[in-house]
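Enquirer: Starting from these lines, generate the structure:
(one chain, ligands or ions: 1)
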Amino acid sequence: MSALFGTYARSELAFVRGEGMRLFTEDGTAYLDFASGIAVNALGYGDQHVTDTLKAQADKVWHVSNLFTIPEQEKLAQRLVDATFADAVFFTNSGAEALECAIKTARRYFWDKGEKQRIDIIGFTGSFHGRTIATLGAAGNAAYTEGFGPMPGYKHVHPGDLAAVEAVIDGNTAAILIEPVQGEGGVTAFSDAYLKGLRELCDKYGLLLIYDEVQCGYGRTGKFFAYEWSGVAPDILAVAKAIGGGFPLGACLATAEVARVMVPGTHGSTYGGNPLACAVGNAVLDRILAPGFIEHVEQMGKLLAYELQQLMQKYPGYITDVRGKGLLAGIKITPPVRAFVERLRDHKLLTVAAGDNVLRLLPPLIATEADIREATGILAAAFAELDAEASSAAQ
Ligand code: PLP
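Expert: As a prediction, the model looks like this:
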């Protein structure tokens, strides 16, 4: 009997070591990782540069309060500003906290302008922004909000239809919040035209555009941030997961016009952006922004999409759609996805289920051609196995 809250339907598998693309159990069994701790382990396991940096920083100082200047934090913020639309950064420990900062910043922006009633955020069906009350409210998924009380201040529309968004905008609306590629909801990449349309609506009605790139950002789609594909920049962006490569770290990025309202006393975090986290964050960024790294992700993303298309042609009865962008890929399948994830685990391949019965494939960004062919080979074997079981049951 576990002493933990029963909030997860955990597998009994326990990994004791990781190396590159693989995780190992106590008895030495290797699993090919196409889950990356759900988009966290962008550099796989045991990246030497990151590990060395963490050890070196651990010998210097782990934590200093945000009441003092933290050089590693200043450096990471400046690098993020240099590489994105943003002018200022607030560091957090998680994705949900990065979004909390984004939502607070949006509301405070209008409060500062004297438009205090503008607090509503428009979110989208199928989105996921975290497990805090505000982020649950923003996503509005009944499966996650049930039993946790009212969450006012949010409106929800189905994504894809700009007129539906415009129809809910009123004098209380502050911002539109969207994942450029929905992860948990079923690996849905929105078109450049749709994101452009949302930006135009924000500009027309004086709203802020917030991107949640907690899962799709940091190189995963083959650009540093997914919004770069559309060229449509937000006012505020939340990032986490890969930014720390496994160390808890997140960030809220914003333009100067918006960030200026977050004056002393408006927000804070005890741990957010501490020396150890930001030293690791800088080391991760060294690797992500190294010449050729993101281009590699783009190429591997194309290969993965091609291999999955091939698989869909071979097994149209099992795969009905191939989705996603770069190394955030999904296949909509007909067998129940959670059982299929377990089947793949039996074949020593780690994947993640997403909404809409989609199997999510999100390997570390260091995945090679051989890793992708190995993973898609295992998928093919698992579908062939389903076929064999179906025909023997029919006999
Ligand atoms: N936003 C997105 C798009 C996510 O995928 C997640 C986590 O899966 C979150 C926010 C929440 O991040 P965290 O679990 O670090 O709070």
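
Enquirer: Now C202: closest residue in space that isn't a chain neighbour?
Expert: L209 (4.5 Å; CB to CB, 6 or more residues apart in numbering). In this view, the C-beta of every residue, glycine as well, is placed from N, C-alpha and C.

Enquirer: Surely that neighbour is within a strand?
Expert: Yes - per DSSP: H, G, I helix; E, B strand; the rest coil, L209 lies within a strand segment.

Enquirer: Quick check: it touching E200?
Expert: No - using CB atoms under 8 Å, L209 is not in contact with E200, being 9.9 Å away.

Enquirer: If you count surrounding residues, which of these two has more?
Expert: Legend: neighbour count by other CB atoms under 10 Å for L209 and E200, higher for L209 (23 against 14).

Enquirer: Give me the distance between that one and R338.
Expert: 34 Å (CB to CB, to the nearest Å).

Enquirer: Please, where are all the helices along this protein?
Expert: Assigned by DSSP state H, the chain shows helices spanning 36-39, 48-60, 71-83, 95-112, 133-139, 142-145, 162-168, 192-205, 227-230, 256-259, 275-288, 293-314, 337-346, 369-394.

Enquirer: Quick one: closest of those to the ligand.
Expert: Nearest of the helices of the chain to the ligand, taken as CB to the nearest ligand atom: helix 95-112 at 2.3 Å.

Enquirer: now for the helices of the chain, which one comes closest to G265?
Expert: When the helices of the chain are compared by CB to CB, helix 95-112 sits nearest G265, at 11.2 Å.

Enquirer: Against which helices or strands is the closest one packed?
Expert: strand 88-92, helix 133-139, strand 173-178, strand 208-212, strand 236-239, strand 250-254, helix 256-259 (3 or more CB pairs under 8 Å, 6 or more residues apart in numbering; DSSP states H and E).

Enquirer: Now look at the first one and say if it contacts the ligand.
Expert: No - under the criterion of CB under 6 Å from any ligand atom, strand 88-92 makes no contact with the ligand; the nearest approach is 8.7 Å.

Enquirer: packing partners for that strand?
Expert: helix 71-83, helix 95-112, strand 250-254, helix 256-259.

Enquirer: Show residues contacting that strand.
Expert: With contacts defined as CB atoms under 8 Å, 6 or more residues apart in numbering, strand 88-92 is touched by 73, 76-77, 80-81, 98, 100-101, 105, 240, 249-256, 259, 262, 267, 269, 272-273, 277-278.

Enquirer: Drop the exposed ones from those and show what's left.
Expert: For the contacts of strand 88-92, a burial check counting by 16 or more other CB atoms under 10 Å picks out 73, 76-77, 80, 98, 100-101, 105, 240, 249-255, 259, 262, 267, 269, 272-273, 277-278.

Enquirer: Cross-check those against the ligand and keep the overlap.
Expert: A240.

Enquirer: quick one on the thing from earlier: identify whichever of the helices of the chain lies nearest to F5.
Expert: For these, the distance to F5 is smallest for helix 142-145, at 15.4 Å, taking CB to CB.

Enquirer: Could you list the buried residues of that closest one?
Expert: The neighbour-count check on helix 142-145 (16+ other CB under 10 Å) flags T145 as buried.

Enquirer: Likewise for stretch 357-376?
Expert: The neighbour-count check on stretch 357-376 (16+ other CB under 10 Å) flags 357-367, 371-372, 374-376 as buried.

Enquirer: which pair in the residues you listed spans the largest distance?
Expert: N357 and I366 (28.8 Å).

Enquirer: Next up, the contacts around L386.
Expert: Residues in contact with L386 (CB under 8 Å, 6+ apart) are 318, 335, 343.

Enquirer: Tell me the buried residues within those.
Expert: Buried among those (16+ other CB under 10 Å): 318, 335, 343.

Enquirer: Just put these in a markdown table and tack on distance to R10 and pLDDT.
Expert: Formatted as a markdown table, the buried ones among the contacts of L386 follow (distance: CB to CB, whole Å; pLDDT from 0 to 100):
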| residue | distance to R10 | pLDDT |
| --- | --- | --- |
| Y318 | 27 | 98 |
| P335 | 22 | 98 |
| R343 | 17 | 98 |
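
Enquirer: Closest one of those to L136?
Expert: Checking these against L136 with CB to CB, the nearest one is P335 at 29.7 Å.

Enquirer: what's the pLDDT at L349?
Expert: Looking at L349, its pLDDT reads 98.

Enquirer: thinking again about what came up before, now the helices and strands packed on strand 88-92 in JSON lines, please, with extra columns for mean pLDDT.
Expert: Listed next are those as JSON lines, based on pLDDT from 0 to 100:
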{"stretch": "helix 71-83", "mean pLDDT": "98"}
{"stretch": "helix 95-112", "mean pLDDT": "98"}
{"stretch": "strand 250-254", "mean pLDDT": "99"}
{"stretch": "helix 256-259", "mean pLDDT": "98"}
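
Enquirer: Pipe these into JSON lines and attach distance to F225 per row.
Expert: Below are these laid out as JSON lines (distance: least, CB to CB, whole Å):
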{"stretch": "helix 71-83", "distance to F225": "9"}
{"stretch": "helix 95-112", "distance to F225": "13"}
{"stretch": "strand 250-254", "distance to F225": "9"}
{"stretch": "helix 256-259", "distance to F225": "17"}
